[in-house]
Each structure stands twice: as structure tokens, then as C-alpha cells.
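1. fold the following.
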Amino acid sequence: MSTNDSKLHDRCIFCKIANLQDPETRILYQNEEFVVFRDIRPAADHHYLVVTKQHIKDPKHLKEDDLELLERLVATGETVLKNAGGKSEEARFGFHWPPFTSVKHLHLHVIAPVTSMTFMSRLIFREGSYWFVTANWMINRLKSMRNEKTEIPPNSRSSLENTLVREPSIRQEQFNGSCVTFRMCQHLIPSSISF
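-> Here you go, the predicted structure:
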């Protein structure tokens, strides 16, 4: 989940912000796990980033044991939004999915109201796209990972291992198909968007 590479932390802007080493960034909220600050390119009136103090590369690196951390991350975003006068029912909570991450450090986007987002912002933070996933989707993903985790009886290990060996290739083929579709439609996205 996390990394202890000090060189990485020295280069990671969100690690610097989380450790209060970036004088340019105004911290709106912090606790022992997270810091919250405004996005430098806001997509709406309220656009906050909830960043883990522990360096976690991206949402794809979260495991089933991180479910409670993720729920606390979202709850922190909801609290900050509410304290700033925003409404969570008018908000979008989510993550950019690799390789579409601009900073390789886990951060939750809290954007509200969604109705004030421009066309480009709606595209960049589009629910159900290949590049942006909602917080609820991530929570459900971790819950399903937790539910799939079971104790394996010693005598059934080989058949289960065969199943697990085949499953990633199926998912990879599905994902590669999605990427191919994205590449085929890439010309439809304005050149002003950089990935």
C-alpha cells in the first residue's frame, strides 16, 4: 500500500504539502491521517483535495484492508465541504484512475456543486469513464475484495490457484479492449486536454 522511499517523498508534492513543507499551499483541514486543501485548478466553486499523509501511490494500490481508511477519507471530504457551505448531495467525490493521475499520491477530489462544472471539467471528472472513478465505486470495489477473501482449505488450493491464474488475464483483456476503444476515440477529445 505505502512506500517508505525517502527520495520519492522528497519529490512528491503532496508529501511535501502533507508534511507542511509547501508554504504556497493553504491547508484547510488536517488530522493525523489527512490534509485538505483547494485544487489549484478548481472545477467548481468548491474543489478540494483530501490527501493521505501516508504516501499511497494511487487508488489502484488500495487493498481490502484499506476500506476503513477510504471511508474516513470520504467522511473527511464531506465534513470539509459541509463546513465550507457546500452540500454533499450536490457533490462529486472521486479519484483519477491510473495512468490518468497527475500526481502519483492518493487524493480524493471533492467537487461541488456539480451543476457549476464547465464542459471540460465534466469531461475530466466524468463518472463511469476510464479515467475517473467515484468514491462509492472504490468503496464497493474494496468491499467486494474483502468478501472474496476467504480461507482456502489445503486440499482445494490447486483448483483455486488455477482459477486465480486465469482471472487476471480475463480482466486484462477486458481492460485492454477498453484502452483500445479509448485510443480509437482519442481524436474526439480536444487537444487542450493533456493526459
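2. next, Lys82: phi, psi?
-> Dihedral angles of Lys82 (phi, psi; degrees, to the nearest 10) stand at phi -60, psi -40.
3. surely it is in contact with Ser88?
-> Yes - with contacts counted by Cβ atoms under 8 Å, Lys82 reaches Ser88, the gap being 6.7 Å. Backbone N, C-alpha and C define where each C-beta goes, glycine included.
4. show residues contacting stretch 70-81.
-> Stretch 70-81 has contacts (Cβ atoms under 8 Å, 6 or more residues apart in numbering) with 28-29, 31, 33-34, 36, 46, 48, 50, 52, 62, 87-88, 91, 93, 108, 110, 112, 135, 138-139, 142.
5. try 7 Å
-> When contacts are defined by Cβ atoms under 7 Å, 6 or more residues apart in numbering, stretch 70-81 is touched by residues 28-29, 33-34, 36, 46, 48, 50, 52, 62, 88, 91, 93, 108, 110, 112, 135, 138-139, 142.
6. where does pLDDT dip in this protein?
-> Low-confidence segments of the chain, defined by pLDDT under 70, are located at 1-9, 150-195.
7. can you map out the helices along it?
-> Secondary structure of the chain (DSSP state H): helices at 6-11, 13-18, 67-83, 119-124, 135-148, 157-185.
8. measure how far the fifth one is from the centre of its chain, please.
-> Centroid displacement of helix 135-148 relative to its chain, using Cα atoms, centre = their mean, to the nearest Å, is 13 Å.
9. and for the third one?
-> With Cα atoms, centre = their mean as the basis, helix 67-83 stands 13 Å off its chain's centre.
10. do the same with the second one
-> Between the centre of helix 13-18 and the centre of its host chain there is 16 Å, according to Cα atoms, centre = their mean.
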